[in-house]
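Novice: build me a structure from this.
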Amino acid sequence: MSVEVISMVFFIIFSLNGINGQNSNNCPDRTGYFPDPFQCDLYYICSKGIAEVKLCPDGLVFDDSDPNKERCDIPANIDCGDRTALQEAKSSKGCPRANGYYRHTDPLACNKFFNCVEGTPVELTCPPGLIYDDIASTCAWLSDTNRKDCSKSKKDSLDDGFTCPDEEIQGPDGRKLPHPTFPHPDDCQKFYICRNGLMPQRGSCSGGKVYNEERYTCDEPENVPGCENYYKGKKN
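Specialist: You can find the predicted model right below:
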């Protein structure tokens, strides 16, 4: 056996001994849970100054915010800083890594995503009007994400042709309306609702009331120009 091979064998043995708890250099304190300086999903359990190496489940990374707590979480919730290395991915169909939230495999299913648990994908659907945001690993408005593959042009419409407008609608107080309403073009009592700003639905005021587009609510007919006589001759 050559000198080079012998040296390599001793180097590997020495490294493995350090990983298996013989190296205290990874313990800033004698007791606690501490991150690896290079790999975000690797950390050390230190007891009496001796380090035991640990790995988060694939897809999760170590939360180093509290050395007294052992916690792994999705990358969207943890700032890894310079700890950019990760363990080799254990990927499966629908799951780039064994655990975490990931974009749906159907590129047109912007409102759907997978929750992967130990390599098994569970399909989830965002609330109406929202799409899956890769960076935040959550559902969000299209305008609040960086996804370029999803378009607001893919909107639902009613059989009379009504679709929800693209722009945000502000109420009388200047705040964005999460479910804005719009007047019906031919019927003072009826109106449209845009759930989450994108999903159109029909609405109707109770008997005796008409829709007031300035107040975004149902109101007395005399308060709505053009609808003052709507109920005259009608049974409420």
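Novice: quick one: residues contacting the residue most central in space within the chain.
Specialist: Among the residues of the chain, the one closest to the centroid is Thr138, at 0.5 Å (CA atoms, centre = their mean). When contacts are counted by CB atoms under 8 Å, 6 or more residues apart in numbering, Thr138 touches Ala76, Tyr101, Tyr132. C-beta here means a position set from N, CA and C on the backbone, and glycine is covered the same way.
Novice: what's around the residue nearest to the first one when sequence neighbours are not counted, how many residues?
Specialist: In other words, Ala76. Excluding its sequence neighbours, the residue lying closest to Ala76 (CB to CB, 6 or more residues apart in numbering) is Ser137, at 3.9 Å. Number of residues near Ser137 (other CB atoms under 10 Å) recorded here: 17.
Novice: need the contact list for Ser137.
Specialist: Ile74, Pro75, Ala76, Asn77, Gly100, Tyr101.
Novice: I'd like to know which of the residues you listed is nearest to Phe191.
Specialist: When those are compared for distance to Phe191 (CB to CB), Tyr101 wins out at 36.6 Å.
Novice: quick check: that closest one touching Ile74?
Specialist: Yes. Contact criterion CB atoms under 8 Å: Tyr101 and Ile74 qualify, at 6.5 Å.
Novice: need the per-residue pLDDT for the residue nearest to Ala76.
Specialist: With respect to pLDDT, Ser137 has a value of 95.
Novice: what's the first helix or strand after the lowest-mean-pLDDT helix or strand in the chain?
Specialist: In the chain, no helix or strand scores lower on mean pLDDT, DSSP states H and E than helix 3-17, which sits at a mean of 34. Note on helix 3-17: by DSSP states H and E, the next helix or strand toward the C-terminus is strand 32-35.
Novice: off-centre distance for the very next helix or strand once past that following strand?
Specialist: Next helix or strand after strand 32-35 toward the C-terminus (DSSP H and E): strand 42-47. Its chain's C-alpha centre and that of strand 42-47 lie 30 Å apart, by CA atoms, centre = their mean, to the nearest Å.
Novice: just to revisit the earlier point, out of the contacts of Thr138, who has the most neighbours?
Specialist: Tyr132 (25 neighbours).
Novice: the closest residue to Phe113 other than its chain neighbours pairs with what?
Specialist: Distances taken as CB to CB, 6+ apart place Tyr132 nearest to Phe113, at 4.0 Å, with adjacent residues excluded. Applying DSSP bridges to Tyr132 gives these bridge partners: Cys139.
Novice: let me see the contact set for Tyr132.
Specialist: Tyr101, Arg103, His104, Cys110, Asn111, Lys112, Phe113, Cys126, Thr138, Cys139.
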